[in-house]
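> my questions concern the predicted model and sequence given below.
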Amino acid sequence: MSGAVPAVPEGVQVLAVEDVEEISDGADLAAIVAALPGLVDGDVVLVTSKVVSKAEGRVVPGDRGAAVEAETVRVVARRGETAIVENRLGLVMAAAGVDASNVPSGLVALLPLDPDGSARAIRRAVLSASDRNVAVLVTDTAGRPWREGQTDVAIGVAGIEPVISLAGAEDGYGNALTVTAPALADELAGAADLVAGKLDRRPVVVVRGLGEWVLPPGEDGPGARALLRPRERDMFGLGAREAVLAAVRQQQRASFGAAATPAELVAALAGCGWRAAGSGEDVIVSGSPAQLALARAVAFAHGWGADHEDPAGHTLRLHPAP
């Protein structure tokens, strides 16, 4: 977020909207939200992706496994029947976000085609119908690496900055903050889930008290896509098995992030039992032909490539990949 960061509110209200009508294919969800009584300027309206999908015809008949495969762009990790994948929206989540809960038997819910666009449409409808300037989030449930359980996250955002950068600010002890960036949209989604419930049929929640954070009419912000970490900056872009396969196949280099330093590569090669040493900007590794073949895979995973191989001398010269 550019410019001054708004003051932190003393408190907020998280209010579930009761008695929202059942949403079906073709329903004007934007008009339904715009007609909600009691909305005020500065409210943040959160709508579950399930009802957005229902309104936009994204609940379809078919097998869940086939739907997951169709929505998958890249497999990140797979264990048995569980697959963590990147879907068409760039989201990394279990089963590509395909869900068979809270829909009739034999149907599956796919995520909206453009959640940011859906959020913007609802925001515009509220402004047009009531002259109320609100922010709108589309939320979905996701797991987190290294932690049990799930929470809701924002997959569509309009009218509020999804991430607030506090870089350059000072804490109470005068220490400068460098990478502190609260994921505001995800925090709001998690708070909304507390009152919406998974089984209570309350798909719309209003968070009140964050008016200073809501952008002016006509400014929607960058959307939820700003929450997606670029693959080249993702230190955990693949599961353990998939990372090994990517290195052996020498594919998906971006998933391994930026190139390691020569010292890091030398240490990794030495840890595998091979002789390696830095030579200027390059690294020279020695070993049998089989070892050198494996060294190529280790180098690839560290963002390095082979420059010259001398089979007779059993050496391989490595350099940072462009």
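Looks like it arrived, so ask away. Just so you know, these numbers come straight off a predicted model, no measurement behind them.

> from here on, just use CA atoms for contacts and neighbour counts.
Fine.

> need the contact list for Arg231.
237, 254-255, 257 (Cα atoms under 8 Å, 6 or more residues apart in numbering).

> in a markdown table: those residues, plus neighbour count.
Formatted as a markdown table, the contacts of Arg231 follow (neighbours: other Cα atoms under 10 Å):
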| residue | neighbour count |
| --- | --- |
| Gly237 | 22 |
| Ala254 | 17 |
| Ser255 | 21 |
| Gly257 | 19 |
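
> now, those that are in strands?
With strands defined by DSSP state E, no entry of the contacts of Arg231 lies inside them.

> reformat those as CSV; add distance to Gly218.
What follows is the contacts of Arg231, written out as CSV (distance: Cα to Cα, whole Å):
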residue, distance to Gly218
Gly237, 35
Ala254, 36
Ser255, 36
Gly257, 36
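
> now those in JSON lines, with distance to Gly168 and pLDDT?
As requested, those are exported to JSON lines (distance: Cα to Cα, whole Å; pLDDT from 0 to 100):
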{"residue": "Gly237", "distance to Gly168": "28", "pLDDT": "87"}
{"residue": "Ala254", "distance to Gly168": "29", "pLDDT": "82"}
{"residue": "Ser255", "distance to Gly168": "29", "pLDDT": "81"}
{"residue": "Gly257", "distance to Gly168": "26", "pLDDT": "80"}
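
> so what strands line up beside the lowest-mean-pLDDT helix or strand in the chain?
Lowest by mean pLDDT, DSSP states H and E among the helices and strands of the chain is strand 304-310, with a mean of 80. The pairing partners recorded for strand 304-310 under DSSP bridges are strand 315-320 (antiparallel).

> what residue spans form the domains of this structure?
13-58+112-228, 240-320 (automatic domain parsing).

> do me a favour and get the end-to-end distance for the shortest one?
Using Cα to Cα, to the nearest Å, the end-to-end distance of domain 240-320 comes out at 23 Å.

> could you do stretch 87-95 as well?
This stretch, stretch 87-95, spans 9 Å end to end (Cα to Cα).

> phi, psi for the nearest residue in space to Val98 that is not next to it in sequence please.
Take Val98 and drop its neighbours on the chain: the residue closest to it by Cα to Cα, 6 or more residues apart in numbering is Leu110, 4.9 Å away. Main-chain dihedrals, Leu110, degrees, to the nearest 10: phi -90, psi 150.

> can you get me a residue count around Leu110?
23 (other Cα atoms under 10 Å).

> which residues does it contact?
53, 58-60, 67, 97-99.

> contacts for the helix or strand where Ile284 lies, please.
Element membership for Ile284 (DSSP states H and E) is strand 282-286. Residues outside strand 282-286 that contact it (Cα under 8 Å, 6+ apart): 262, 265-266, 269, 274-278, 292, 295, 314-320.

> residue ranges for the strands of the stretch 51-200 of the chain, please.
Using DSSP state E, counting those that start in this stretch, the strands of the stretch 51-200 of the chain run over 59-61, 72-79, 82-87, 92-94, 107-109, 135-144, 147-158.

> and the closest residue to Ala185 other than its chain neighbours, what does it touch?
Leaving aside its chain neighbours, Ala185 sits nearest to Pro162 (4.6 Å; criterion: Cα to Cα, 6+ apart). By Cα under 8 Å, 6+ apart, the residues touching Pro162 are 183-186, 222-224, 226-227.

> tell me how many other residues surround the closest residue to Asp310 other than its chain neighbours.
Nearest residue to Asp310 in three dimensions, chain neighbours excluded: Leu316, at 6.3 Å (Cα to Cα, 6+ apart). For Leu316, the tally of surrounding residues (other Cα under 10 Å) stands at 23.

> equivalent analysis for Val17, please.
There are 17 residues near Val17, going by other Cα under 10 Å.

> check the one 10 residues further on too.
Look at Ala27: counted by other Cα under 10 Å, it has 16 neighbours.

> what sits against the closest residue to Ala129 other than its chain neighbours?
Computed as Cα to Cα, 6+ apart, the closest residue to Ala129 that is not its neighbour in sequence is Ala34, at 6.2 Å. Listed by Cα under 8 Å, 6+ apart, the contact set of Ala34 reads 122, 125-127, 129-130.

> do the same with Ala67
98, 108, 110.

> please report how far the second one lies from Arg202.
This points to Val108. According to Cα to Cα, Val108 and Arg202 sit 20 Å apart.

> neighbour count winner among those two?
A count of neighbours by other Cα under 10 Å puts Val108 above the other of Val108 and Arg202, at 23 against 19.

> make sure Val103 is actually in contact with Arg58.
No: applying Cα atoms under 8 Å as the test, Val103 and Arg58 come out as separate, 11.2 Å apart.

> between the two, which one's more packed in?
Higher neighbour count among Val103 and Arg58: Arg58, with 19 against 14, using other Cα under 10 Å.

> check contacts around that one.
109-112.

> in ChimeraX, how would I select the buried members of the contacts of strand 282-286?
To isolate the buried members of those in ChimeraX, using 16 or more other Cα atoms under 10 Å:
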select :262,265,266,269,274,276,277,292,295,315,316,317,318,319,320
